[in-house]
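[1] Fold the following.
(one chain, ligands or ions: 1)
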Amino acid sequence: MTPGVKPLIAGNWKMHGTLAEAAALAGAVRDGAGGLPADLLVCPTFLHVAQVAATLAGSAVAVGGQDCHPAAKGAHTGDVAAPMLKDAGAGFVILGHSERRTDHAETDAAVRAKAEAAAAAGLVPIVCVGETEAERLAGRAEAVVERQLAESLPDGFAGIIAYEPVWAIGTGRTPTEADIAAIHGTIRARLAARFGAAGQGMRILYGGSMKPGNAKAILALPNVDGGLVGGASLVAEDFLAIARAAA
Ligand SMILES: O=C(COP(=O)(O)O)[C@@H](O)CO
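    Model (predicted):
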């Protein structure tokens, strides 16, 4: 963790669940959220954002989207604009997730434009970076992440970074603690070099097979300021256990 930075545990619910299931999950997270050492955020699919925000209204649990369009409005069939997310009750938005980069061919430039749109709408962008397994095996993990940071973050960025090695997502595999600490250290150095004091205090989350059993060790590493959790965030007790591990 970074001294003086409160951890954030964010759940990415991806494309899971019915509206009723999302509301029930949000209610269970809300009911267990008291007295935790971390801030909590849940990111349901677009269709569920307003209902989940209503369920969480007045609680300490924030709501986010999983993507947004770079334009504030317009003829973009099937897309969702950042101001729409804000209007539905979101305060955050995940951008550049590897599943978006793969499924929708999102480039660093597109992520950068989305981050600008999110900030303009009053949303906190969570920009994801991370190498593929082939890139890690080729010794290029740090170079890939440094390029993604340089090209995906707009000037004046005031959001959150999530380091998510693509090969660790949904696989049950994680990098070694030494590897996580090393790459988070590199990310911190790049943020500090570009954004000064703001970069020193920016949250850097780890994502990729974070579970109750490994969260404590990962969250104790330097420059790991929380987690972006996929599968384990779909079970309220597991998600809350990860948040408790941030103590
Ligand atoms: O994709 C993520 C990790 O998913 P896991 O199921 O926890 O491996 C991360 O972005 C959460 O979105």
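
[2] so Ala71 touches Pro83, yeah?
    No - the criterion here is CB atoms under 8 Å, and Ala71 misses it with Pro83 at 10.0 Å. (Each C-beta comes from the backbone N, C-alpha and C, glycine too.)

[3] okay, those two: which has more neighbours?
    Neighbours around Ala71 and Pro83, counted as other CB atoms under 10 Å, are more numerous at Pro83. The numbers are 18 against 15.

[4] what's that one in contact with, if anything?
    Neighbour list for Pro83: Ala72, Lys73, Ala121 [criterion: CB atoms under 8 Å, 6 or more residues apart in numbering].

[5] The second one in helix, strand or coil?
    Which is Lys73. With DSSP: H, G, I helix; E, B strand; the rest coil as the basis, Lys73 sits in coil.

[6] Where do the helices of the chain begin and end?
    Along the chain, counting by DSSP state H, helices occupy 19-31, 49-56, 82-88, 98-103, 108-120, 133-137, 141-152, 177-195, 197-200, 212-219, 236-244.

[7] Report how many residues lie close to Leu149.
    That count, for Leu149 with other CB under 10 Å as the rule, works out to 20.

[8] Who are the contact partners of it?
    So Leu149 contacts Val129, Ile161, Ile187, Arg190, Leu191 (CB under 8 Å, 6+ apart).

[9] In terms of pLDDT, where does it sit?
    Here, the pLDDT recorded for Leu149 equals 98.

[10] gap between it and the ligand?
    17 Å (CB to the nearest ligand atom, to the nearest Å).

[11] residues from the chain in reach of the ligand?
    12, 97, 164, 169-170, 207-210, 228-232 (CB under 6 Å from any ligand atom).

[12] which ones are touching Glu131?
    Taking CB under 8 Å, 6+ apart, one finds Arg140, Ala141, Val144, Val145, Pro165, Val166, Trp167 in contact with Glu131.

[13] Could you double-check that Val80 lies in contact with Ala71?
    No - applying CB under 8 Å, one finds Val80 not in contact with Ala71, separated by 10.7 Å.

[14] Just give the nearest non-adjacent residue to Pro175, would you?
    Pro165 (5.8 Å; CB to CB, 6 or more residues apart in numbering).

[15] Tell me the residue in the chain that is farthest from the middle.
    Ala75 (27.7 Å; CA atoms, centre = their mean).

[16] any idea how far His48 is from Gly17?
    Distance, His48 to Gly17, by CB to CB, to the nearest Å: 7 Å.

[17] ok, those two, which is more surrounded?
    Set His48 next to Gly17 and count neighbours by other CB under 10 Å: His48 wins out with 25 against 16.

[18] ok, the closest residue in space to the more buried one that isn't next to it in sequence to Val63 distance?
    Using CB to CB, 6+ apart and skipping residues adjacent in sequence, the residue nearest His48 is Ala22, 4.1 Å away. Between Ala22 and Val63 the distance is 11 Å, computed by CB to CB.

[19] swap in Gly230?
    Taking CB to CB, one finds Gly230 at 17 Å from Val63.
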